[in-house]
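1. Please find the sequence and the predicted model below.
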Amino acid sequence: MKSICVYCGSNAGSKPAYTERAIALGDRIAKEGLQLVYGGGNVGLMGIVADAVLAAGGEVVGVIPEQLVNWEVAHKGVTRLEVVANMHERKKRMFDLSDAFVALPGGFGTLDEMFEMLTWRQLGIGDKPCAFLDVEGFYMPLMGMIDRMVEERFLHPEQRNDLWHGDDLDAMVAWMRAYTPAQADKWMDEKRRKSLR
Ligand code: AMP
């Protein structure tokens, strides 16, 4: 594992705990000798993670669509800023550059990016670890929803078990370093699975 992608809020959230966790994650990424790949913004938790990696002597690659640079939120101090044409290109580029994905608390943008990685992975596009690094139970309702998808047979339990959720940074890093992807099918129905083999 050489680089880690962090998705997180372009706002900083309501509690100091969100900022503290973003700083701890950035610091840890640098100390693990990993490169940070992120959305290139200088706002909210995004800017805080990037600054923490830089402050600890690590490398930061930002991937930002032209439109967001023009809104003047691009981080000017990152190691490398890649400007891409649009959000779709950005997602693909961030995926290509990264060996693992972490979501800190965030809003629509954070979930959109993380869920795209999870859906690509269950379709067999990429097999990189995906983790929700929680802060004070922020992601508990989402995990409840994901468990519901499993219970209602919309999601394979192995796909559920293949994503990490927790608030222990040490445990997350250890899990990522030891990660082997689940071999789970997307399909719940055995007949459908066999017909596709
Ligand atoms: P949100 O969770 O809705 O705040 O969106 C944050 C995620 O969307 C980040 O991971 C970014 O990749 C992207 N994003 C949203 N707003 C911005 C912004 N102003 N600058 C850069 N990226 C952004």
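-> Cool, the structure landed.
2. and the closest residue to the ligand within the chain, what pLDDT?
-> Across the chain, the shortest distance to the ligand (CB to the nearest ligand atom) belongs to G109, at 2.1 Å. Glycine gets a C-beta too; all of them are placed from N, C-alpha and C. pLDDT, G109: 96.
3. in terms of contact, does it touch S10 like I think?
-> Yes: contact status for G109 versus S10: in contact at 6.3 Å, counting by CB atoms under 8 Å.
4. Can you work out which residues contact both of the two?
-> Common neighbours of G109 and S10 (criterion: CB atoms under 8 Å, 6 or more residues apart in numbering): G39.
5. Secondary structure class of the residue of the chain closest to the ligand, three-state.
-> Under DSSP: H, G, I helix; E, B strand; the rest coil, the three-state class of G109 is helix.
6. and it, what does it touch?
-> Y7, G9, S10, G39.
7. What's the separation between it and P129?
-> From G109 over to P129 the distance is 21 Å, taken as CB to CB, to the nearest Å.
8. Equivalent analysis for V83, please.
-> Taking CB to CB, one finds V83 at 28 Å from P129.
9. So between the two, which is more surrounded?
-> Taking other CB atoms under 10 Å, V83 and P129 do not tie; P129 has more neighbours (23 against 16).
10. Name the nearest residue to the more buried one, ignoring sequence neighbours.
-> Distances taken as CB to CB, 6 or more residues apart in numbering place Y179 nearest to P129, at 4.2 Å, with adjacent residues excluded.
11. Pull up the per-residue confidence for K191.
-> 66.
12. wait, does the strand or helix carrying E89 contact the ligand?
-> Element membership for E89 (DSSP states H and E) is helix 87-97. No: using CB under 6 Å from any ligand atom, helix 87-97 never reaches the ligand; the gap is at least 7.1 Å.
13. Quick check: what element follows that helix along the chain?
-> strand 100-103.
14. Go ahead and name everything in contact with that following strand.
-> 1, 4-8, 25, 110-111, 113-114, 117, 128-133, 139, 172, 176, 179.
15. repeat that with 6 Å
-> Outside strand 100-103, the residues within contact range by CB atoms under 6 Å, 6 or more residues apart in numbering are 1, 4-7, 110, 114, 117, 128-133, 176.
16. Keeping just the C-alphas, turn the helix holding E89 into CSV.
-> Taking Å, rounded to 0.1, in the frame of the first residue of the first chain, the C-alpha atoms of helix 87-97 are listed here in CSV:
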residue,chain,number,x,y,z
MET,A,87,-16.2,15.2,-11.4
HIS,A,88,-16.3,11.9,-13.3
GLU,A,89,-12.7,12.3,-14.4
ARG,A,90,-11.8,13.1,-10.8
LYS,A,91,-13.3,10.0,-9.4
LYS,A,92,-11.5,7.8,-11.9
ARG,A,93,-8.2,9.5,-11.3
MET,A,94,-8.5,9.3,-7.6
PHE,A,95,-9.4,5.6,-7.9
ASP,A,96,-6.3,5.0,-10.2
LEU,A,97,-4.0,6.8,-7.8
